[in-house]
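>>> model this:
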Amino acid sequence: MGRTLPSITQAFIQEQEAFSRFRRALRRSDQLVLDELFASARKHLAAAAYAAHALPMETFLLAMLLEEHKEVLRLRHQLEALLAERDG
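Just a heads-up that it's a prediction; the model follows:
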């Protein structure tokens, strides 16, 4: 029989564990930020399962970037609303 591929959740856990030494070398504040990035990637594991053509870490990084961009857009809209309120 052929090899079976690990589930996307298993791949995610393996990738996260692969960065454990890197994480330990970071300052505590940076460790918390890295943890948040991995948590944001975890939100998209169901979608990541459909990206079989990509390397798992590429998919997780894209999910992190997606969450970060959503936050930038949220803050941009909040700033625009505050500026409009101030000027209007």
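>>> state the mean pLDDT of the helix ranked longest in the chain.
In the chain, assigned by DSSP state H, the helix with the most residues is helix 56-87. Averaged across helix 56-87, pLDDT comes to 96.
>>> what's it packed up against?
Contact here means 3 or more CB pairs under 8 Å, 6 or more residues apart in numbering; DSSP states H and E; on that basis helix 56-87 packs against helix 8-18, helix 28-42, helix 45-48. Just so you know, the C-beta spots here come from the backbone N, C-alpha and C atoms, and that holds for glycine as well.
>>> which residues touch the residue nearest the centre of the chain?
Residue closest to the average C-alpha location in the chain (CA atoms, centre = their mean): Met64, at 2.3 Å. Met64 makes contacts with Leu37, Phe38, Ser40, Ala41, as judged by CB atoms under 8 Å, 6 or more residues apart in numbering.
>>> separation between Asp35 and Arg28?
Distance, Asp35 to Arg28, by CB to CB, to the nearest Å: 11 Å.
>>> Ile8 - how many residues pack around it?
20 (other CB atoms under 10 Å).
>>> tell me the pLDDT at it?
At Ile8, pLDDT is 92.
>>> ok, and the closest non-adjacent residue to it?
Nearest non-adjacent residue to Ile8, counting by CB to CB, 6 or more residues apart in numbering: Ala49, 4.4 Å away.
>>> returning to that earlier point: neighbour-wise, which of Asp35 and Arg28 wins?
Between Asp35 and Arg28, counting by other CB under 10 Å, Asp35 is the more crowded of the two (12 against 6).
>>> tell me the contacts of that one?
Counting by CB under 8 Å, 6+ apart, Asp35 touches Arg23.
>>> with the one 10 residues further on instead?
Contact partners of Leu45, counting by CB under 8 Å, 6+ apart, are Ile8, Thr9, Phe12.
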